[in-house]
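>>> below are the sequence and a predicted model for it; my questions follow.
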Amino acid sequence: MSVYLESEKVANSVMTRVYGYMFVGLLVSALMAAVFAYVPDCRDFLYSVGETGAMQLSVAGWIILLSPLVIVLFFQGLIAELDSGAAFVVFLLFCALMGMSLSCIFLVYTTASILMCFVITAATFGAMAVYGLVTKSDLTSWGSVFMMALFGLIIAMVINIFLGSETMDFVISLIAVVVFCGLTAYDTQKIRDGLYNCCDKQEANRIALTGALLLYLDFVNLLLHIIKLLGKKK
């Protein structure tokens, strides 16, 4: 065990920072989603009215939708090169762009049902995160299984874009909830174990930010699929 993280108390302190970063990221995303859903000028920047009268993404909307993927692909390399403050700014930028791209859920679902789904997601996520922290079982095998399931879900979602099956969409979301519950527990344990084996303070900061990003993505994906299952459309 490293000199820096020689006590469980210090490791737990850094783990608390992980959840702090994640909470700030979710707050930024929620604010940006609300602004770009309810402020007319912002909404018109991302969406346009199609020939059928339905809202569709503008060119800027598509760029915003795809840009978080680019940041995720290079995030680990970026925080290795940047100091902790600059890396945190990149994390917040990612969360802001995600919030902008998620503004569409406010246009499709009622605010009350979104809030209800958020509460359900928070409770579910919290339970699985606590399990990942306290369990003595090695969840490494979980990670392999759920990552394979995630790739399968992505393929199924792409196929369903062409099929347009509501039944298949329901089944995908149901399985996705299970997958992201499992990934929440697995990622939490992986972050905790990484902190126990950390080399120094700089490494701990890197783990805190990458861990916050992982858990943020688990939470957001869990929320989106719970909204698909339980959300009430306008």
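All right, it came through fine.

>>> does residue 231 really touch residue 113, like I thought?
Yes. Counting by CB atoms under 8 Å, residue 231 touches residue 113, with 4.6 Å between them. Every residue, glycine included, has its C-beta placed from N, CA and C.

>>> phi, psi for the residue nearest to residue 48 when sequence neighbours are not counted please.
Leaving aside its sequence neighbours, residue 48 sits nearest to residue 58 (CB to CB, 6 or more residues apart in numbering; 4.8 Å). As for residue 58, its main-chain torsions (degrees, to the nearest 10) stand at phi -80, psi 180.

>>> quick one: contacts for residue 58?
Contact analysis of residue 58 by CB atoms under 8 Å, 6 or more residues apart in numbering lists 45, 46, 47, 48.

>>> so residue 205 makes contact with residue 84?
Yes. Checked against CB under 8 Å, the pair residue 205 and residue 84 is within contact range at 4.4 Å.

>>> tell me the SS of the closest residue to residue 222 other than its chain neighbours?
Leaving aside its sequence neighbours, residue 222 sits nearest to residue 180 (CB to CB, 6+ apart; 4.2 Å). Following DSSP: H, G, I helix; E, B strand; the rest coil, residue 180 is assigned to helix.

>>> quick check: residue 180 touching residue 221?
Yes. Counting by CB under 8 Å, residue 180 touches residue 221, with 5.1 Å between them.

>>> so these two - more neighbours on which side?
Using other CB atoms under 10 Å, the more surrounded residue of residue 180 and residue 221 is residue 180, with 28 against 19.

>>> so for the more buried one, what's the pLDDT?
If you check residue 180, the pLDDT there is 94.

>>> the one 3 residues further on too?
On pLDDT, residue 183 comes in at 93.

>>> in the chain, where is pLDDT below threshold?
Applying pLDDT under 70 to the chain flags residues 1-10, 49-55, 76, 80, 197-200.

>>> pretty sure residue 137 is in a helix, no?
No. Counting by three-state DSSP, residue 137 is not part of a helix but coil.

>>> so what's the backbone phi/psi at it?
Note on residue 137: backbone dihedrals following degrees, to the nearest 10 are phi -80, psi 150.

>>> that one: neighbour count?
So residue 137, with other CB under 10 Å, has 11 neighbours.

>>> cool, residue 42 as well?
So residue 42, with other CB under 10 Å, has 16 neighbours.

>>> and it, what helix or strand is that in?
helix 40-46 (DSSP states H and E).

>>> and residue 62, how close does it get to residue 34?
Relative to residue 34, residue 62 is positioned 21 Å away (CB to CB, to the nearest Å).
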